[in-house]
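Participant: Give me the fold of what follows.
(chains A and B)
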Amino acid sequence: MASVSVNVHNITRVEGHGNIVLNVRDGTIEELRLEITESPRFYEAMLVGRNWDEAQEISCRICGICSTGHSTASLRAMEAALGVTPSEQTVLLRKLALHGEHNQSHVLHVLFLVAPDLLGAPSVVPLASTHRPVIEMALRLKRLANDHIALVTGRHIHGVNLKVNGFHSLPKEKALAALRERLVASRDDIQATIELVASLKLPDFERAGEYVANSRADEYAFYDGTITSFRPLQCDHCGHTLKEGYREEYPIERYRDIARETVVKHSHAKHTASVHGSYAVGALARVNINYDLLHPAAKQAAEALGFRAPCMNPFMNNVAQLIEVVHCTEDSIAIIDKLLERGIQQEDTSVEVRAGRGAAAVEVPRGILFHEYEVDDDGKIVAANLIIPTGQNLNNIEHDMRALVPQILTLSHDEIRLMLEMLVRAYDPCISCATHLLDVRFVG
Amino acid sequence: MSAKPKVAFFSFTGCEGCQLAVLELEPVLLDILGAVDIVSFREAMTEHSEDYEIAFVEGSISTPHDVEEVQHIRQRAGLVVAIGACACSGGLNALKNRRGMDDVLQTVYGSSGSWFETIPARPVSAVVPVDLELPGCPMDGNEFVWAVKSLLRGEMPKLPQIPVCVECRLKGNVCVLAHKGKHCQGPITIAGCGAICPSHGGHCVGCRGYLAHPERDAHMEILQEHGLTVDEVRAQYSLFNTYSEMAREAAS
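Facilitator: Predicted structure coming up:
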């Protein structure tokens, strides 16, 4: 029987610091941990006592990559706490910015961080000489996504335009039309990316599990929706994943029932579990739950990529991300058309401060993100709770590793190490975010 | 410095947004890759080497392990460049410093607080000598390129000690402090961002750190004229600059 010891110190090409520890003796796993060693952030100490209008400014700094997603969740939660309903224009513009962030993050992940594994390179740097056209295409798509975010938020990292109930300044119609043209023109690069990824071989591995994402009856949900859990069934005879499964919905008030947090010794980021155990969030969870509402072009991409929902192979999260790039690009074009048809209007963005408590769930690139705030009569934050997608995935990644290891014990030491690193990377973990470590103290 | 200097990127406590700002220099990224030899960049690369001349360091120092690691980096690197607010001034991370560390740990981890270690967040320069600081939250990508070009020419870049207001007025913005009644920190904050926040209708939050000799009393007076109390003004100064504010309070 095989005995293997793997210790990956500082997993590379992920955001933040993490280690993998594996010890197998005579075919039995004795130790298996995904250690999160990122320095704790203590964001609650930063938020409590600050003003209501600083929550977004502070919490967007949890993550450089999903800054717009944190901003969106923060603004929606604060609006819920203050009883503010933002205008249709504000919602459309926020959805547009969020699409830009999904594209930016997914392109970064698939083409810069994952592609080197599939093309047999240690990083994107050598690919700049061996696969120059691919890298140039990746840079074009990234640049477009950054400009897309910046047009709405004012800056692609830690946007300066966003605020409760609206924007500090609004994008010009001419600039929106120009972005639309570039999005249309990017279809060729996206198509080429699909062909590239379709030609690469992803590991074949499945594990039955639970997926959690926002869902809506009328659109593929990113900005808002109902928290939805889906557990696909598997055929008793052949083990194949069926389209049917158990679907449960949770109103936002019950988000703590799905994301039940615990502190574990080997991780500076808390783990979560639903009543059924560990669960996955992110692009794969969203596509599995909301496949029918994808844009037709995104469904075509799914077919070209050999993706069939529901899919239980975590490595396919990369493919799901690419499917979402198609959806976000097409839906951004539709949103811009709607905005241009309405015309950009200056609106009243004033806010009346009152005591209250509110929560919001937003789909950010790595999955469902929860923000909750309680403010007093003066608008001072008295409690805050944030539950981050990567924190929710850590428990699931460890379960995946436990299921994967026995299947790959015949591989070489280096191959096992690479496979485990690829699995962690497939979830696109954002470890800085997950170690933000917020408090969960609410009164009443 | 060698013709193609070896450079490394390291990150401590922070969001990695400043490393991302480097990855997002798309139009010049391939030129940078041609001009320097990146030997370590964990967010983007598996390759790693301990042999480097310039170390770009992101994030605050907030654990005993961070302290050891940044000392190790200082020993190996010819030049240490701190990038972003967290590394240059402690940034937002230092907001926790006003509370006791035991209190912070217990609040977050409950009875498991003793499993983890944390120390008050500090800038890199509080632990090891730093040769250059490129501030901002996030660091400004153009300023980074400008600094790299200077370093490649063998010159040490020097950030001008002028307030954000200079850039703001050059852009023709209406002053948010004088005319819109907002608590803007532009008059005491180091320029270099192109006054991006006031230019978009917001106000300066001081993320680039304060000038060496800020007109603090005059600024405080104006903010009080706008109805802010001394405590509210201090709260504003403590958003991105808690570390330097606490040091100032301790000294006075």
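
Participant: What residue in the stretch 201-350 of chain A comes nearest to chain B?
Facilitator: In the stretch 201-350 of chain A, the residue that lies nearest chain B is A:V263 (4.4 Å; Cβ to the nearest Cβ). (Glycine included, C-beta is placed from N, CA and C.)

Participant: Excluding chain neighbours, give the residue nearest to that residue in space.
Facilitator: Nearest residue to A:V263, sequence neighbours excluded (Cβ to Cβ, 6 or more residues apart in numbering or on different chains): B:S112, at 4.4 Å.

Participant: how about that neighbour, phi and psi?
Facilitator: Dihedral pair for B:S112: phi -90, psi 10, per degrees, to the nearest 10.

Participant: residue ranges with poor pLDDT in chain A?
Facilitator: A:1-2, A:9-17, A:37-39, A:431-444 (pLDDT under 70).

Participant: Run through the residues that contact A:T241.
Facilitator: Neighbour list for A:T241: A:E206, A:A208, A:P232, A:L233, A:Q234, A:C235, A:P310, A:C311, A:M312 [criterion: Cβ atoms under 8 Å, 6 or more residues apart in numbering or on different chains].

Participant: Could you tell me which of the residues you listed belong to strands?
Facilitator: Of the contacts of A:T241, the ones assigned to strands by DSSP state E are A:P232, A:L233, A:Q234.

Participant: moving C-terminal of the one helix or strand in chain B whose mean pLDDT sits lowest, what's the next helix or strand?
Facilitator: Within chain B, judged by mean pLDDT, DSSP states H and E, the helix or strand with the poorest mean is helix B:101-109; its value is a mean of 72. Counting by DSSP states H and E, the next helix or strand C-terminal to helix B:101-109 is strand B:132-134.

Participant: Each with direction, which strands does that next one pair with?
Facilitator: Sheet pairing of strand B:132-134 (DSSP bridges) gives strand B:79-83 (parallel).

Participant: quick one: average pLDDT of the partner strand?
Facilitator: Strand B:79-83 carries an average pLDDT of 97.

Participant: Extract the CA atoms of it and return them as CSV.
Facilitator: Output of strand B:79-83 as CSV, limited to C-alpha atoms (Å, rounded to 0.1, in the frame of the first residue of the first chain):
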residue,chain,number,x,y,z
LEU,B,79,16.5,47.7,-2.0
VAL,B,80,13.2,47.3,-0.2
VAL,B,81,10.3,49.2,-1.7
ALA,B,82,7.0,49.3,0.4
ILE,B,83,4.0,49.4,-1.9
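
Participant: Any part of the helix or strand just after that strand near chain A?
Facilitator: Moving toward the C-terminus from strand B:79-83, the next helix or strand (DSSP H and E) is helix B:85-89. No. On the criterion Cβ under 8 Å from any Cβ of the partner chain, helix B:85-89 is out of touch with chain A, staying 8.8 Å away.

Participant: what's the nearest residue to the closest residue to chain B within the stretch 151-300 of chain A if we skip its chain neighbours?
Facilitator: Proximity of the stretch 151-300 of chain A to chain B (Cβ to the nearest Cβ) peaks at A:H168, 3.4 Å away. Nearest residue to A:H168 in three dimensions, chain neighbours excluded: B:G201, at 3.4 Å (Cβ to Cβ, 6+ apart).

Participant: can you count the residues close to the one you found?
Facilitator: Other residues lying near B:G201 total 19 when counted by other Cβ atoms under 10 Å in any protein chain shown.

Participant: Run through the stretch 1-150 of chain B and note the low-pLDDT ranges.
Facilitator: Residues of the stretch 1-150 of chain B meeting the criterion pLDDT under 70: B:1, B:43-47, B:107-110, B:114.

Participant: Would you pull up the residue in it closest to chain A?
Facilitator: B:G17 (2.4 Å).

Participant: just checking, that residue touches A:G159?
Facilitator: No. Using Cβ atoms under 8 Å, B:G17 is not in contact with A:G159; the gap is 11.4 Å.

Participant: more neighbours, the two?
Facilitator: Comparing B:G17 with A:G159 by other Cβ under 10 Å, the one with more neighbours is B:G17, at 28 against 22.

Participant: which residues touch that one?
Facilitator: Contact analysis of B:G17 by Cβ under 8 Å, 6+ apart lists A:R61, A:C63, A:G64, A:I65, A:S67, A:I157, A:H158, B:G84, B:C137, B:P138.

Participant: I am finished for the moment; much appreciated.
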